[in-house]
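**Q** Here is a sequence together with a model predicted from it:
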Amino acid sequence: VRLYAYYRSSAAYRVRIALALKGLSAEIRPVNLAAGEQAGDEFRGRNPQGLVPVLETDDGTCLSQSVAILEWLEETIPEPALYPASALDRARYRALCQHIASDIHPLNNLRVLRYLGGPMSQSKEAIDTWYAHWITLGFSALEGEVAGWGTGFSLGDDPGMFEVMLVPQLYNARRFAVATDAFPALVELDARCATIDAFRTAHPHRQPDTPEELREAS
Ligand SMILES: N[C@@H](CCC(=O)N[C@@H](CS)C(=O)NCC(=O)O)C(=O)O
């Protein structure tokens, strides 16, 4: 499979982590979002929405929307499972994932920030306040739940889709200098994930298109 991605796109970062947890290696095809490559005809042929990630299967089928891609991975490669076993547990677990995928991330996407700074004439300071607000609100709702997991992961001994969503969102928060001191359980869970190979190899600073000044050794 091929993954159309940008090194610091958090939606693409999710898919890289899940691919690695499932033991699948993908050829990474960088799409430079800063240079606007997502808006070009070539990329829009793969995803008319003009957003990464796109996962292209070996028969050339293009899948978009990170959560749809993650669900497809889970259905086609069931082991290791990235959701809990029972339907009720899965529903509760998906709700936690949706905190991030539906209620935090879309408000802080590049095109939203650009719209605030462009047509809405907002200052950088106002945009940074917007960014921090939605992350802080979302993380506050998750902190208590995650604190209840102690020193484990969302699936007990193993990470699952929740960590697939959380780790990229925390990377984003740090990139925009959002204070995370009020969320020790989230920060510690992120640190535990950082010791796992799948999370290490998926990190934005270890990608083919990572700028030299950010690059970390694999
Ligand atoms: N809901 C989509 C969001 C995808 C998305 O927002 N991708 C961002 C990068 S994280 C993007 O391509 N942004 C390009 C732009 O805003 O122009 C998903 O989960 O795949």
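**A** Now that the structure is in, tell me what you want to look at. Residues are numbered from 1 along each chain as shown.

**Q** switch to C-alpha atoms for all contacts and neighbour counts from now on
**A** Fine.

**Q** so after the helix or strand hosting residue 55, what's the next helix or strand?
**A** Using DSSP states H and E, residue 55 falls within strand 54-56. As assigned by DSSP H and E, the chain's next helix or strand after strand 54-56 is strand 62-64.

**Q** That next one pairs with which strands, parallel or anti?
**A** Strands that pair with strand 62-64, judged by DSSP bridges, come out as strand 54-56 (antiparallel).

**Q** How about the strand it pairs with and the ligand, any contact?
**A** No - using C-alpha under 6 Å from any ligand atom, strand 54-56 never reaches the ligand; the gap is at least 7.9 Å.

**Q** and that strand, what's its mean pLDDT?
**A** Here strand 54-56 scores 98 as its mean pLDDT.

**Q** in it, what's buried?
**A** For strand 54-56, the neighbour count (16 or more other C-alpha atoms under 10 Å) marks 54-56 as buried.

**Q** Around the ligand, which positions in this structure sit nearby?
**A** 9-11, 33, 51-53, 65-67, 109-111.

**Q** Now the buried members of these.
**A** Buried among the residues of the chain next to the ligand by 16+ other C-alpha under 10 Å: 9-11, 33, 51-53, 65-67.

**Q** And these, which two are furthest apart?
**A** Spanning the widest gap among those are 33 and 67, at 19.7 Å by C-alpha to C-alpha.

**Q** pLDDT weak spots in the chain?
**A** For the chain, no stretch has pLDDT under 70.

**Q** distance between the longest helix that it contains and the chain's centre?
**A** The longest helix of the chain (DSSP state H) is helix 124-147. Relative to its chain's centre, helix 124-147 lies at 15 Å (C-alpha atoms, centre = their mean, to the nearest Å).

**Q** for it, which positions count as buried?
**A** 127, 131-132, 134-136, 138-139, 142-143, 146-147.

**Q** can you check stretch 85-92 too?
**A** Per 16+ other C-alpha under 10 Å, stretch 85-92 contains no buried residues.

**Q** From here on, call the first residue 585.
**A** Taking 585 as the first residue, the last one we looked at is stretch 669-676.

**Q** Run through who's touching it.
**A** 667-668 (C-alpha atoms under 8 Å, 6 or more residues apart in numbering).

**Q** Could I get the full set of helices for the chain?
**A** So, for the chain - with DSSP H - the helices run 594-605, 625-630, 650-660, 671-682, 694-701, 708-731, 745-759, 768-777, 781-786.

**Q** Can you tell me which helices and strands the first one packs against?
**A** So that's helix 594-605. Where contact means 3 or more C-alpha pairs under 8 Å, 6 or more residues apart in numbering; DSSP states H and E, helix 594-605 is packed against helix 650-660, helix 745-759, helix 781-786.

**Q** relative to helix 650-660, how tilted is it?
**A** 10 degrees (axes from the mean of the first three to the mean of the last three C-alpha atoms, to 10 degrees).

**Q** And for residue 765, the neighbour number?
**A** When neighbours are defined as other C-alpha atoms under 10 Å, residue 765 has 9 of them.

**Q** now swap in the one 10 residues further on and tell me
**A** Neighbour count for residue 775, taken as other C-alpha under 10 Å: 12.

**Q** For residue 631, see how far away residue 639 is.
**A** 10 Å (C-alpha to C-alpha, to the nearest Å).

**Q** ugh, wrong one, I meant residue 674
**A** 29 Å.

**Q** and what of residue 726?
**A** Relative to residue 631, and taking C-alpha to C-alpha, residue 726 is found at 32 Å.
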